[in-house]
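# the following block contains a protein sequence and its predicted model.
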Amino acid sequence: MTGLRGIWFNSLVMKKILACTFILLTLGIITFAGIAVISAISPEPCIVKGPELAFDKVKRVKQLIRKHTPRYMRFRQTRTLSVREQDLNLLLDYGISQGLETDIIHADIHLAATGFTLEISLKIPKTFLGEYINLALGISHDKEGLDIAFIRAGKLTVPGIVISPFIPTAKNYMLRPGILGGLEESLEGIKSISTRGKTLTLVYDWNPNSLLKLHENGKTLFIPRVHQEKLVRYTNQLTRILDILETRQGNRIPLARVIRPLFQLAADHSEASGDPVLENTALLQSFALYALGQDLDHLVSSGLLKDVHPRRWVRFTLGGRTDLAKHFLVSSGLAVSAGTRLSQFAGLAKEVEDAGRGSGFSFADLAADRAGVKLGELAGGSLEQAQQIQDQMAAVATESDFMPGIADLPEGIMELEFKKRYTDLDSQAYGLIDREISRRLNDCRVYQDKF
């Protein structure tokens, strides 16, 4: 009995020690987190600049994206990618401001011989300590790969050696096995990373199979099955509508003839689903892909793709022009998917690119972009907005109800002529036409001060 009491006593003591240790550890983590937050708050931001919407910068962003898109690479082709610090920051600036649609976050990358540092400033509601949170992440690189060198919150710096043991657990907790496996397989293709001067050089082995696996697993993570099913439904409905219209009108179909019954369908399905925003989102996404001649492969899992009907190869028109219809549909689809700013930037970048090589800068195309963005913004807004835009679009009489007139809007302006006439994207001359497009857009019946 004495032995049993001793074992029981020792067990009780051990439990109390473990409990106290856990409590102290929890308190320590909470205290450290509190100190980190307090240390990060400052009256001044560490990054004060933001991206400026300038013709040459928009052009450079487009060039960088085009240059470093690996779609044309061969399987297992080794490629060297070199990017200057200023280009990295340009992409980062535009990615945050246009993609995240915010002006309260600014970031900067600084390259060094052994790695790089990412600095971030976040504007917060004013406190007695300040109104900015300043953070920094230091990354070191060598032949073995990348490592966290430090994390800094204000003046508090935590070395990477303290953080590294927790990274595997964090990855397993934050990422699904399929996503984590595909990501790790993709990262294995990186052969070397080096920094020389203010240029980051990456040598990697292009393996599209690992990215395809990652993408397939990501569909279920980022696009719920119910959303995928609706994409298939609207794509098939669009095909059925075109089956009827094409026999009467050939393969050039006025957009108003198609968009009206689709939004009526969305209104009908919203009564059952109770989610007009999701119905509108799926409608505009599938419509945009249809206009681009693209399938649903990138959005829908392979199990659902077999339910997609063979598509009709038609060209939609606005004002008798196929280019305006494509601008309108792609902009609306992008607006409900990625937000208003990114959609507007994509349209602007396309015109800037056309000014350098192509059909020239077109304010008529921009008008179609702006109309598509407005439709996407309302269709993906509040429940009330989504329902009202369904009713408005299901009752359109002519395309002028949702597309502004383009008469007298300058088109076909090449780069040198554009800079001579308008100087830049923030000039008074450019703003004059931009405001005229806004005025015409507000005159469209479905956008007239109803929201």
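That came through, no problem.
# and the strands in the chain?
Taking DSSP state E as the criterion, the chain carries its strands at 41-42, 77-84, 105-112, 115-123, 132-142, 145-153, 156-159, 190-196, 199-206, 252-254, 315-317.
# pull out the buried positions in the second one.
Within strand 77-84, the residues that qualify as buried are Val83, counting by 16 or more other C-beta atoms under 10 Å. (C-beta placed from N, C-alpha, C; glycine too.)
# that one pairs with which strands?
strand 199-206 (antiparallel) (DSSP bridges).
# next one: the third one
Sheet pairing here is set by DSSP bridges, and for strand 105-112 it gives strand 115-123 (antiparallel).
# likewise for the longest one?
Within its sheet, strand 132-142 is paired with strand 41-42 (antiparallel), strand 115-123 (antiparallel), strand 145-153 (antiparallel), according to DSSP bridges.
# quick check: domain ranges of this protein?
For the chain, the structural domains run 55-159+175-217, 223-447, going by automatic domain parsing.
# would you mind finding the most buried of those?
domain 223-447 (a mean of 18; mean count of other C-beta atoms under 10 Å).
# now do it, average pLDDT.
Domain 223-447 shows a mean pLDDT of 88.
# so where's the stretch 101-250 of the chain uncertain?
Along the stretch 101-250 of the chain, segments meeting pLDDT under 70 span 101-102, 143-144, 166-190, 205-222, 247-250.
# which of the strands paired with strand 132-142 sits closest to Arg315?
Arg315 sits nearest to strand 115-123 of all these, at 44.8 Å, using C-beta to C-beta.
# what about the helices in the stretch 1-150 of the chain?
2-40, 55-67, 85-94 (DSSP state H, counting those that start in this stretch).
# got it, and the stretch 151-300 of the chain?
Using DSSP H, counting those that start in this stretch, helices in the stretch 151-300 of the chain cover 160-163, 167-174, 177-187, 208-222, 225-249, 255-273, 276-292.
# by how many degrees do the last one and helix 225-249 diverge?
With axes from the mean of the first three to the mean of the last three C-alpha atoms, to 10 degrees defining the directions, helix 276-292 sits at 50 degrees from helix 225-249.
# may I have helix 276-292 as PDB, with CA atoms only?
Taking Å, rounded to 0.1, in the frame of the first residue of the first chain, the C-alpha atoms of helix 276-292 are listed here in PDB:
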ATOM      1  CA  PRO A 276     -28.000  35.900 -55.400                       C
ATOM      2  CA  VAL A 277     -24.400  36.900 -55.000                       C
ATOM      3  CA  LEU A 278     -23.200  33.300 -55.700                       C
ATOM      4  CA  GLU A 279     -25.600  32.900 -58.600                       C
ATOM      5  CA  ASN A 280     -24.400  36.200 -60.200                       C
ATOM      6  CA  THR A 281     -20.800  35.300 -59.600                       C
ATOM      7  CA  ALA A 282     -21.100  31.900 -61.300                       C
ATOM      8  CA  LEU A 283     -23.100  33.400 -64.200                       C
ATOM      9  CA  LEU A 284     -20.500  36.200 -64.900                       C
ATOM     10  CA  GLN A 285     -17.500  33.900 -64.500                       C
ATOM     11  CA  SER A 286     -18.900  31.200 -66.900                       C
ATOM     12  CA  PHE A 287     -19.900  33.900 -69.400                       C
ATOM     13  CA  ALA A 288     -16.500  35.500 -69.400                       C
ATOM     14  CA  LEU A 289     -14.800  32.100 -69.900                       C
ATOM     15  CA  TYR A 290     -17.200  31.400 -72.800                       C
ATOM     16  CA  ALA A 291     -16.400  34.700 -74.400                       C
ATOM     17  CA  LEU A 292     -12.700  33.900 -74.200                       C
END
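# orientation of it relative to helix 255-273 in degrees?
Counting by the same axes, to 10 degrees, helix 276-292 lies at 150 degrees to helix 255-273.
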